[in-house]
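using only what follows, build the 3D model:
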Amino acid sequence: MRSLVLALMLTPIISGFGASGIAFAADLSAAQDKSLDAWLQAHSSYRLAAEKDCDCADSINLVRRSAPTGTPLPNYTPYVLMGDFRHSGIEDLAAVVVDRNEAMPKEGLLVIFDGPFASKPRKPVYTGRVGMIAQMGLGLTNQGVLIYGAFFSEGCTYEPHGKTYREACVEY
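Residues are numbered from 1 along each chain as shown. The predicted model follows:
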C-alpha cells in the first residue's frame, strides 16, 4: 500500500478551493461528462468514486460550509475536480475511479483529462494509482497545482510534464 506523502511547499489539500475557476462534479459540462463516461464505459470494472467511499463526511461538510478560505463551496466533492491544471486558460478535469466490485475500496485510479472539451470525448492524458480512498480527496495548492491527499493536510501533487502529468511525492 502506498505511503502517505508530504506535498511540495507543505500546502494544505483544500487551500486553493477558494480560487475562481474551480468546479466540482455537479458542475461537469456535457462534454466533460461525455469524456468521463466514455472512459468508464471502456473500463467497465471501474466506477466514479463517490462520497460513500470516503470516511470523511465531517471534512466534506466543513469544506461545503466554509472551506479553509472561509468561502463556502456547496458543490464540493472529493473525487471530481475541474480547473486549469496546465495554467493554459483552458479547463481540465481530474477524477478518481475505483473498482466497482469493492464495497469499501482502499485504492483507485486518478484519471486526468486535458481540455478543451468538445462534442468528441477526450482521452485521459494521465492515469495513475492513488490510495487511501476513505481519507483522501482532490484539491489545488495555493499555486494552482492539482493535489490528491488528506483533507487540510499532505498529499501528492500532479504537475504538467509534456503531454502528461508527473506525480511529485516525498515519502516520510
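
drop to CA atoms for contacts and neighbour counts, all remaining ones
Noted.

quick one: the most centrally placed residue in the chain and residue 120, what's the gap?
By Cα atoms, centre = their mean, the chain has its centre lying nearest to residue 138, at 3.4 Å. Taking Cα to Cα, to the nearest Å as the criterion, residue 138 is separated from residue 120 by 26 Å.

what of residue 163?
Distance from residue 163 to residue 120, by Cα to Cα: 19 Å.

residue 52 too?
From residue 52 to residue 120 the distance is 31 Å (Cα to Cα).

same question for residue 93.
Applying Cα to Cα, the value for residue 93 to residue 120 is 15 Å.

and the two? Which one has more around it.
Taking other Cα atoms under 10 Å, residue 93 and residue 120 do not tie; residue 93 has more neighbours (26 against 11).

residues contacting the more buried one?
32, 80, 81, 82, 83, 112, 113, 114, 115 (Cα atoms under 8 Å, 6 or more residues apart in numbering).

could you find the closest non-adjacent residue to the last one?
Across the structure, with Cα to Cα, 6 or more residues apart in numbering as the measure, the residue nearest residue 115 apart from its sequence neighbours is residue 92 (4.7 Å).

how near is the one you found to residue 71?
22 Å.

what about these two, which has more around it?
residue 92 (20 against 14).

can you name the residues bridging to that one?
Beta-bridge partners for residue 92, by DSSP bridges, are residue 83.

and the nearest residue to residue 134 once chain neighbours are set aside, how many neighbours?
Closest residue to residue 134 in three dimensions, ignoring its sequence neighbours and counting by Cα to Cα, 6+ apart: residue 54, at 3.9 Å. Residue 54 has 21 neighbours, counted by other Cα under 10 Å.
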